[in-house]
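J.: sequence unknown, structure follows:
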Ligand SMILES: [Zn+2]
Ligand SMILES: [Zn+2]
Ligand SMILES: [Zn+2]
């Protein structure tokens with residue numbers, strides 16, 4: 001399990017320190033994007049600056065991407081095709097107005113056009129609505 005995470009970090013040119021392994025492990029179990037304070041709350045005994053630095057490193061190395069929402073950054077693990085040169089998280093981020101959670105909708109993305117005569121470095125897609133779970137509940 002830990003060896004798995006170590007390899008994932010090494011593949012993204014990141015030294016697998018114990019804190020990084022813990023944070024990666026935690027984020028890999030999350031379905032929704034979490035804010036810094038939510039991540040801190042999970043690691044109540046850890047130094048807040050260390051957690052913050054871990055997230056910054058992860059973002060630089062293409063391990064996590066951040067989603068800006070109402071002046072808060074939320075973090076979610078990237079897929080394998082992100083690296084320290086580029087992030088490819090050009091998918092929709094969806095905010096549910098009822099449960100107030102943000103999720104990645106990887107099925108909705110802007111496909112790269114190889115013959116484009118311009119260069120895109122970053123695309124942000126953001127939608128608000130009602131998620132599947134909350135819709136189901138509202139129908140009962
Ligand atoms: Zn990414
Ligand atoms: Zn919801
Ligand atoms: Zn995402």
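T.: Sure, I can see it. This structure is a prediction, so every number in the text was calculated from the model and none was measured. Ligands and ions are numbered 1, 2, ... in the order given.
J.: and the helix or strand bottoming out on mean pLDDT in the chain with ligand 2, contact?
T.: Least confident helix or strand of the chain, by mean pLDDT, DSSP states H and E, is helix 132-139 with a mean of 90. Yes. Helix 132-139 reaches ligand 2 (C-beta under 5 Å from the ion) through residue 134. C-beta coordinates here come from the backbone N, C-alpha and C atoms, glycine included.
J.: what comes into contact with that helix?
T.: Here helix 132-139 makes contact (C-beta atoms under 8 Å, 6 or more residues apart in numbering) with 96, 98, 99, 130.
J.: Output the contacting helices and strands for the longest helix seen in the chain.
T.: Counting residues, the longest helix found in the chain (DSSP state H) is helix 48-60. Helix 48-60 sits against helix 18-28, helix 36-42, strand 64-69, strand 72-77, with contacts defined as 3 or more C-beta pairs under 8 Å, 6 or more residues apart in numbering; DSSP states H and E.
J.: so that helix versus helix 18-28, what angle?
T.: 70 degrees (axes from the mean of the first three to the mean of the last three C-alpha atoms, to 10 degrees).
J.: so residue 5 touches residue 25, yeah?
T.: Yes. Applying C-beta atoms under 8 Å, one finds residue 5 in contact with residue 25, separated by 5.8 Å.
J.: Nearest residue to the residue nearest the centre of the chain in space, please, no chain neighbours.
T.: Centroid-nearest residue in the chain, with C-alpha atoms, centre = their mean: residue 76, separated by 1.5 Å. In this structure, residue 76 finds its nearest non-sequential neighbour in residue 33, 4.1 Å apart by C-beta to C-beta, 6 or more residues apart in numbering.
J.: what's the longest helix of the chain in contact with?
T.: For helix 48-60, contacts defined as C-beta under 8 Å, 6+ apart pick out 14, 19-20, 23-24, 36, 39-40, 43, 63-66, 75, 84.
J.: Buried ones among the residues you listed?
T.: Buried subset of the contacts of helix 48-60 (neighbour count, 16 or more other C-beta atoms under 10 Å): 14, 20, 23-24, 36, 39-40, 43, 63-66, 75.
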